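1. Based on what follows, work out the 3D shape:
(4 chains)
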Number of protein chains: 2
Amino acid sequence: MSSVKLDTKSRIFEATWKLMEDHHGQGVRMSDIAKAAGISRQALYLHFDDRSNLLIATTQYMDEKSGIEEQLQPSRDAPDGKTRLREYIKVMGNHFPNIQGVARALLAIKDTDEAARAAWDERMGAIREGCEAAITMLEAEGNLVKGLSRKVATDLLWVLLSFQNWDQLTNHCDWSSEEYISHIQKQAERSFVAR
Amino acid sequence: MSSVKLDTKSRIFEATWKLMEDHHGQGVRMSDIAKAAGISRQALYLHFDDRSNLLIATTQYMDEKSGIEEQLQPSRDAPDGKTRLREYIKVMGNHFPNIQGVARALLAIKDTDEAARAAWDERMGAIREGCEAAITMLEAEGNLVKGLSRKVATDLLWVLLSFQNWDQLTNHCDWSSEEYISHIQKQAERSFVAR
DNA sequence: TTCCTAACTTGACACGGTGTAAATTGACAT
DNA sequence: ATGTCAATTTACACCGTGTCAAGTTAGGAA
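-> Sure, this is the predicted structure:
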């Protein structure tokens, strides 16, 4: 039973999260986060070794808070591959808006920061597993579209469900979350489910 | 007819291009480019206002050198939508490897640099037009898959053909250029061409 | 020859953001 | 009272970008 007031670490996470959302993951400095959390910039370094560690820890905090694991259960329990695919896409479509700020920030530094790259790849790897599970189920039922190997189908579904594509479609093509989910569900069925 | 030795500006472009390819668009400093071009770092600023302008100018130089415009002609001359789509994907699949270094560098700064963002969006807009042309031709023939509007089909093809997806598939999923082209061609046909 | 100009050089510096270091304070537990 | 822990303040080093000023070099025109 933690105190009613958030402890410092949680305040830092919340501040990071909010600032990243507000600024689309760009131009948020350590001093901004410190100010928003109500501590000094230097105190930030008492809790996190550096900027990338802060971002990585924030993603974990976000995942716990948003309850992504539980939300995935309906997909795991799906009776057939097609349903599993649909459910999985729905969860992702609802998850991306929650994480977009930090995800973009992580994406921006992952090319120069080894730890960030590892964190991002771990995230992407988890999504890939979800894709592979759905494709494998389809294949086992004999419902995977002809002429498509499991590997290639998984790769294709994985990029279709990438954060960057979601970003592009919702922010450049003006798709709503609902449109994203329904259009991508249909696209995935056309692409992977045998008629 | 220009002299046999490249003029300074061209040497800068070539150096930028090569360094960006070699380093995957990351960690290339102005001083590195200057050194590779055989001039002082400050002389770089005599030719380009700043780093982003240099990158933008380099993309234009690359596009001219690689002859992307001419390569697109077979797609424009295609007799039907399905062929147009196939040809377009082939050109893109062969183009991306040439531009990957600079593209990644531009991608990295486009969130903080207004000029870079504009340059990138202009590029992406051009690709989008190609996508729309192919989809429009399919639609006119009555060969666009049922239940898909031109707008949504264009958006989906556009993200399918994005640089980020190409990067993911070739570098994370170990697809060769040939595999990329043939798999994406098939995927596009499954997704957009009515049977 | 002399002069001019353009391209380029060297050296120094300001700025912004990250990360480090040292000394200090205030609260709380033993 | 003593120790410890969280946090504070001040100061500074590092890096890459971009700027500024003054000096050099080569070519062409008078």
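2. What's the mean pLDDT across stretch A:54-65?
-> Confidence for stretch A:54-65, expressed as mean pLDDT, is 93.
3. quick one: buried residues of it?
-> For stretch A:54-65, burial by neighbour count (16 or more other CB atoms under 10 Å in any protein chain shown) applies to A:54-59, A:61-63. Every residue, glycine included, has its C-beta placed from N, CA and C.
4. Now stretch A:92-111: buried residues?
-> Within stretch A:92-111, the residues scored as buried using 16+ other CB under 10 Å are A:92-96, A:98-111.
5. of the residues you listed, list those near chain B.
-> Applying CB under 8 Å from any CB of the partner chain, the subset of the buried residues of stretch A:92-111 adjacent to chain B comprises A:104, A:108, A:111.
6. Output these in JSON lines, with distance to A:His183 appended to each entry.
-> As requested, these are arranged in JSON lines below (distance: CB to CB, whole Å):
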{"residue": "A:Arg104", "distance to A:His183": "22"}
{"residue": "A:Ala108", "distance to A:His183": "27"}
{"residue": "A:Asp111", "distance to A:His183": "30"}
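7. ok, so of the residues you listed, who is nearest A:Ile68?
-> If you rank these by distance to A:Ile68 using CB to CB, A:Arg104 comes first, at 17.8 Å.
8. re earlier: tell me the one among the buried residues of stretch A:54-65 nearest to DNA strand C.
-> Distance from DNA strand C was checked for each of the buried residues of stretch A:54-65 by CB to the nearest atom of the strand. The minimum falls on A:Leu54, at 7.7 Å.
9. for that closest one, what are its contacts?
-> Contacts here follow CB atoms under 8 Å, 6 or more residues apart in numbering or on different chains; on that basis A:Leu54 touches A:12, A:16, A:30, A:33, A:44, A:47-48.
10. and of the residues you listed, the nearest to B:Glu178?
-> For B:Glu178, the closest of the contacts of A:Leu54 turns out to be A:Thr16, at 43.3 Å, with distances computed as CB to CB.
11. Any part of the host helix or strand of the closest one near DNA strand D?
-> Under DSSP states H and E, the secondary-structure element containing A:Thr16 is helix A:8-22. Yes - for a cut-off given as CB under 7 Å from any atom of the strand, helix A:8-22 has contacts with DNA strand D, namely A:Thr8.
12. With only the CA atoms kept, save the helix or strand just after that helix in CSV.
-> Towards the C-terminus, the helix or strand next in line after helix A:8-22, according to DSSP H and E, is helix A:30-37. Once side chains and other backbone atoms are set aside, the C-alpha atoms of helix A:30-37 remain, and they are given as CSV (Å, rounded to 0.1, in the frame of the first residue of the first chain):
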residue,chain,number,x,y,z
MET,A,30,16.0,16.0,-19.0
SER,A,31,15.5,19.5,-17.3
ASP,A,32,11.9,19.6,-18.6
ILE,A,33,11.1,16.2,-17.1
ALA,A,34,12.7,17.1,-13.8
LYS,A,35,10.7,20.3,-13.6
ALA,A,36,7.5,18.5,-14.4
ALA,A,37,8.3,15.9,-11.8
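13. who does helix A:30-37 touch, helix- and strand-wise?
-> helix A:8-22, helix A:41-47, helix A:51-66 (3 or more CB pairs under 8 Å, 6 or more residues apart in numbering or on different chains; DSSP states H and E).
14. Any chance of a markdown table for these, columns distance to B:Ser182?
-> As requested, the helices and strands packed on helix A:30-37 are exported to a markdown table (distance: least, CB to CB, whole Å):
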| stretch | distance to B:Ser182 |
| --- | --- |
| helix A:8-22 | 39 |
| helix A:41-47 | 50 |
| helix A:51-66 | 36 |
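15. Would you tell me which residues of chain A are close to DNA strand D?
-> A:7-8, A:38-40, A:42-43, A:46-47.
16. repeat that for 10 Å
-> Residues of chain A lying close to DNA strand D (CB under 10 Å from any atom of the strand) are A:7-9, A:11-12, A:34-35, A:37-47, A:112.
17. ok so, going back, so which of the contacts of A:Leu54 is the closest to DNA strand C?
-> So of those, ranked by how close each gets to DNA strand C (CB to the nearest atom of the strand), first place is A:Met30, at 4.0 Å.
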